[in-house]
Structures are given as structure tokens and as C-alpha cells.
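# One predicted model, sequence on top.
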Amino acid sequence: MKFGGTSVADLERIRRVARLVNAEVQAGHQVAVVVSAMSGKTNELVAWTDRAGAAAPGLPSSDDEYDVVVASGEQVTAGLLAMTLRNMGVPARSWMGWQIPIIADDAHGRSRIDDIPPEKLGAALDAGQVAVIAGFQGVTRDGRIATLGRGGSDTSAVAIAAALGAPCDIYTDVDGVYTTDPRIESKARRLARISYEEMLEMASLGAKVLQTRSVELAMAYKVPLRVLSSFVEPGEAPGQGTIVCDEEDIVEKRIVSGVAYSRDEAKISLFGLPDHPGVSSTIFGALADANVNVDMIVQSKARTADTANMEFTVGKRDAQRAVEIVRAAQPQIGFEDVQVNDDVAKVSVIGVGMRSHTGVAKSMFQALAEKGVNIQVISTSEIKISVLIDAAYTELAVRALHAAYGLDQL
Ligand code: ADP
Ligand code: ASP
Ligand code: MG
């Protein structure tokens, strides 16, 4: 069982979580619980590190110490939940990442789990104790605390479920995965089932209900995964939630399953590039060396002979660094101008039915045109189409697409 930040936001909610855990124990199950920090806590901790680091540009990286700070929120909720369970007569103890251990790599701030030896946790569970695990954190092979990227408690939970051979229930503030973010479109519908592949696209394209890496792990290790609401009492009709499963296990096939959006985008435009082999390799090589993740890329011929224009997107946080890297390579590449625009958003439609149906892109472009939304960049894969638009039109675009594919009438 995993409980996110809003589900453990205060003691009253932690008590409700304890009642839900207790109900599982009473039903005869062994339970490992993963908790997030109280909602807002991680943002507050990140802001502290920004302020502590802001005065020191050019000094060596303190990403390892960033992790020490931001991992602390989960320690608090794990202790509070273990305490609350004990007070209810349920044997429980808290576990930090390093105590299990959850072994993770040293890419601080976006670390990946390498291994979870199940012996210690397994022994505690066999002894009848509920294991309350601090999400989001692991430990590197040389003993430093590492965090798994924002939203990483989902990944902690799936990885622990995989290590223990257990199913994983993600309890959150919505009662499942919806056709789009219910905060933006009140007509969004809960999906009874969604395939791993579609969920993976939805997550990586911005639907933050599950961290992308958690879906990858669930798919790779065949972890039965469910998303459900924590805002219920034990015994109340729990709601069905959403089951994330193999495509073959979904009877009702849809062409488009969902609409996702991300405001965490910045577009970088390069004008007047020489149009010859090796240019892209130089630009994206330099960005990759600096660990800047590039998403959409388009290149087109310019009007002037032998020159091209190129646009690509990166995460907002990386935009300034990306521009500096490109500028540093200017003497070598030789382009005329570089511009950055971080007032953009990416809106995507996702569905496995796109593999076999035509006209999905047409409906998307038509729906956006009818609302007067201009498309800046388009990218497609087998099961998704994404467009980059002016950020001001995000909600309008999401709602228009949600209606255009009939998702409000599922
Ligand atoms: P937690 O703190 O439990 O991890 P998150 O805030 O990380 O919760 O994720 C849940 C939120 O994800 C919901 O409140 C909702 O606004 C958002 N969300 C975005 N897209 C979707 C979607 N397609 N279905 C459900 N929720 C979504
Ligand atoms: N507390 C962490 C975050 O806010 C991890 C999580 O909630 O999943 O990113
Ligand atoms: Mg989350």
C-alpha cells in the first residue's frame, strides 16, 4: 500500500491511513506501506536547498546534500504512521531506505533503484509486523542517501512490491486514473483499466498520478498495480479504482484513452544553422554530455541556401543551461541566433488504438484549429501525438481534445 502526500497531510489523515492498513491486517494480509512526505513538505525542502545553494554559483555540486535534505520529509511520516499503528494495537515499525536497504545509484536527485534485498523486510513481515517504509529514498553503494526524482514514492512502492512478490495499491487523492487530469476537466472519466503502455505514455507526458519509472518497473516485473482513493473509510464502498494491466486483459478497446499535458517545457530555437552532416550530433552530443534531456526535435530547411532552422524542447529547469551549452558550441557549429521560450506547454493524446486507426491526428488538429490554438511543434509515436502550444491555451486545448475524442461520454 502506498499513500501520497495529500493522504498523509496531517495527523487526522494519518489516522485514516492507519485504519485502512489495519483493515488489510485484519483481513489476514502481511502489509508493507510506503509513505510520501506530507503534501507541500518536499517543495518546502527543495526551496530551502535552492536558497542555500543560490549564493554559490560555480562551486562543486551538492546534489548529494540536496538528497539529504529533501529525503527528510518521508522520515517524519513513516515514524508518525508507525506510531499511530502501534497506538491502535497493530505491531509496526518504520524503515528508512538505508535500513532495508533500497540500493540506488548515485545520480543524486533522480537516482534509480538497483536492488532491494527482500530478506530483512520479509522477516519483519513474517514476524507479523507492518513495515512502514519512507518512500522516495534509497542509499547508494557507498552509503549516501539518494532520492528517486519527484513523485518517486510511487517507484519505491512498486519496487518493494516487486522485491516481495506482492501486488501494489497506490492510494491517492483521486479514485483512479482518469481520461485526463480531473482538476482541469471536470468531465474526465475514471478508467476501469489502462494498459501499462498507455499509462507509461500518460505518465511520461505529464499525468503525475504515477511516476513514469514506477510504471516501467510494474511492466517489467509484472507487478499487479492499482490506483485508488485514500479518502474512504475501511468498510465503505472502496470504489473500483483503476487497474493497470496488460493490453490483452482489456476487453473494451478505445482508440484514444487519455489526454495529458505538461507545463514543464521550454522551447529552444536555433536559426541559420549550416545544413551539413554532424551539426545535430555536435549540438545534442554536448547536451547529452551535460545530462540535459531533450524531448521534441524538429529541423527544417531555411530560405537561404545551405542553412537550416532547428527547434527542440527541454525541461524548464534545464532551459538556461541548454542555451549556455549551445552558445558555447556556437564557434564550432556556426549558427546565427538562438532563442528560448518557456511559455509553452505540451498537450498529448494517448491510445493504443492509434496503431490500427487512421484519422486520429486529423481530429486533433481540427479540434485545436476550431479553438484557434496554434501548434508550434508536433511529435508522434506509435501510440501518442503531442503538440507544443502557447502555455496560456493549455486548459482550453485539453478540454477541446477530451471532447473531440468523446472521452467525456465513456
Ligand atoms: P500523491 O501525492 O498521492 O502522489 P499526486 O499529486 O502525485 O498524488 O498525483 C495525483 C494527482 O494527479 C491528482 O490529484 C490529479 O490532479 C493528477 N492527475 C493528472 N493527470 C491525471 C489523470 N489522468 N488521472 C488522475 N489524476 C491525474
Ligand atoms: N515527496 C516526494 C515528492 O513530493 C515524493 C513523492 O511524493 O512521491 O516528490
Ligand atoms: Mg505522486
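Nice, thanks for sending it over. Ligands and ions are numbered 1, 2, ... in the order given.
# Every contact and neighbour count from this point should use C-alpha atoms.
Will do.
# Most proximal residue of the stretch 1-150 of the chain with respect to ligand 1?
residue 4 (3.2 Å; CA to the nearest ligand atom).
# could you measure residue 321 against ligand 2, distance?
According to CA to the nearest ligand atom, to the nearest Å, residue 321 stands 23 Å off from ligand 2.
# Tally up the residues packed near the residue of the stretch 1-150 of the chain closest to ligand 1, please.
Residues near residue 4, counting by other CA atoms under 10 Å, number 23.
# where does the closest residue to it other than its chain neighbours land on pLDDT?
Leaving aside its chain neighbours, residue 4 sits nearest to residue 36 (5.0 Å; criterion: CA to CA, 6 or more residues apart in numbering). We have a pLDDT of 98 for residue 36.
# Show me where the stretch 201-350 of the chain dips below the pLDDT cut-off.
Where the stretch 201-350 of the chain drops to pLDDT under 70, the residues are 237-238.
# Give the full set of residues in contact with residue 143.
Shown in contact with residue 143 (CA atoms under 8 Å, 6 or more residues apart in numbering): residue 98.
# Okay, it and ligand 2: tell me how far apart.
Distance of residue 143 to ligand 2, computed by CA to the nearest ligand atom: 20 Å.
# Name the nearest residue to the residue nearest to the spatial centre of the chain, ignoring sequence neighbours.
The residue lying closest to the centre of the chain (CA atoms, centre = their mean) is residue 211, at 3.1 Å. Leaving out its chain neighbours, the residue that sits closest to residue 211 by CA to CA, 6+ apart is residue 151, at 5.5 Å.
# how deep is the one you found tucked in, by neighbour count?
When counting by other CA under 10 Å, one arrives at 21 neighbours for residue 151.
# host element of it?
Using DSSP states H and E, residue 151 sits in no helix or strand.
# and the gap between it and residue 240?
From residue 151 across to residue 240, the span is 23 Å (CA to CA, to the nearest Å).
# Which strand in this structure has the most residues?
For the chain, the strand with the greatest residue count under DSSP state E is strand 258-274.
# got the residues of the protein near ligand 2?
Taking CA under 6 Å from any ligand atom as the contact definition, the chain meets ligand 2 at 4, 5, 36, 37, 42, 136, 150, 151, 152, 153, 154.
# Buried ones among the residues you listed?
If you count burial by 16 or more other CA atoms under 10 Å, the buried members of the residues of the chain next to ligand 2 come out as 4, 5, 36, 37, 42, 136, 151, 152, 153, 154.
# pLDDT (mean, whole number) over stretch 132-146?
98.
# Straight-line length of it, end to end?
Terminal residues of stretch 132-146 are spaced 19 Å apart (CA to CA).
# can you tell if that stretch touches ligand 1?
No. Residues of stretch 132-146 contacting ligand 1 under CA under 6 Å from any ligand atom: none, with a closest distance of 10.4 Å.
# Which parts of that stretch count as buried, going by neighbours?
Buried positions in stretch 132-146, judged by neighbour count with 16+ other CA under 10 Å: 132, 133, 134, 135, 136, 137, 138, 139, 140, 144, 145, 146.
# now these in JSON lines, with secondary structure?
What follows is the buried residues of stretch 132-146, written out as JSON lines (DSSP: H, G, I helix; E, B strand; the rest coil):
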{"residue": "132", "secondary structure": "strand"}
{"residue": "133", "secondary structure": "strand"}
{"residue": "134", "secondary structure": "strand"}
{"residue": "135", "secondary structure": "coil"}
{"residue": "136", "secondary structure": "coil"}
{"residue": "137", "secondary structure": "strand"}
{"residue": "138", "secondary structure": "strand"}
{"residue": "139", "secondary structure": "strand"}
{"residue": "140", "secondary structure": "coil"}
{"residue": "144", "secondary structure": "coil"}
{"residue": "145", "secondary structure": "strand"}
{"residue": "146", "secondary structure": "strand"}
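# which one of these is nearest ligand 2?
Taking CA to the nearest ligand atom as the measure, ligand 2 lies nearest residue 136 of the buried residues of stretch 132-146, at 5.0 Å.
# can I assume the closest one is in contact with residue 158?
No. Residue 136 lies out of contact with residue 158 (CA atoms under 8 Å); the separation is 11.4 Å.
# Just the ones of the buried ones among the residues of the chain next to ligand 2 in helices?
Counting by DSSP state H, the part of these found in helices is 42, 153, 154.
# The last one: what's it in contact with?
Applying CA under 8 Å, 6+ apart to residue 154 gives the contacts 2, 135, 136, 170, 210, 211, 214.
# now those residues as a markdown table including secondary structure and distance to residue 280?
Compiled in a markdown table, these are given as follows (DSSP: H, G, I helix; E, B strand; the rest coil; distance: CA to CA, whole Å):
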| residue | secondary structure | distance to residue 280 |
| --- | --- | --- |
| 2 | strand | 43 |
| 135 | coil | 39 |
| 136 | coil | 36 |
| 170 | strand | 41 |
| 210 | coil | 33 |
| 211 | coil | 30 |
| 214 | helix | 32 |
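# Of those residues, just say which sits nearest to ligand 2.
For the contacts of residue 154, the nearest to ligand 2 is residue 136 (5.0 Å; CA to the nearest ligand atom).
# so what's the closest one up against?
Counting by CA under 8 Å, 6+ apart, the residues that residue 136 touches are 36, 71, 74, 147-156.
# Helix or strand: which one has the residue of the chain positioned farthest from its centre?
Here the centre of the chain is the reference, and by CA atoms, centre = their mean the most remote residue is residue 305, at 42.7 Å. Assigned by DSSP H and E, residue 305 belongs to no helix or strand.
# And the pLDDT for residue 58?
At residue 58, pLDDT is 67.
# Residue numbering should commence at 59 henceforth.
All right, first residue 59 from here; so that's residue 116.
# Tell me which stretches of the stretch 209-358 of the chain form helices.
For the stretch 209-358 of the chain, the helices defined by DSSP state H, counting those that start in this stretch occupy 211-222, 254-262, 270-278, 337-347.
# so of those, which one's packed in deepest?
Of all these, helix 211-222 has the most neighbours on average by mean count of other CA atoms under 10 Å, namely a mean of 25.
# which residues of the stretch 59-208 of the chain score low on pLDDT?
Applying pLDDT under 70 to the stretch 59-208 of the chain picks out residues 112-116.
# try 90
Scanning the stretch 59-208 of the chain for pLDDT under 90 picks out the ranges 108, 111-119.
# Show me what residue of it gets nearest to ligand 2.
Nearest residue of the stretch 59-208 of the chain to ligand 2, counting by CA to the nearest ligand atom: residue 208, 3.3 Å away.
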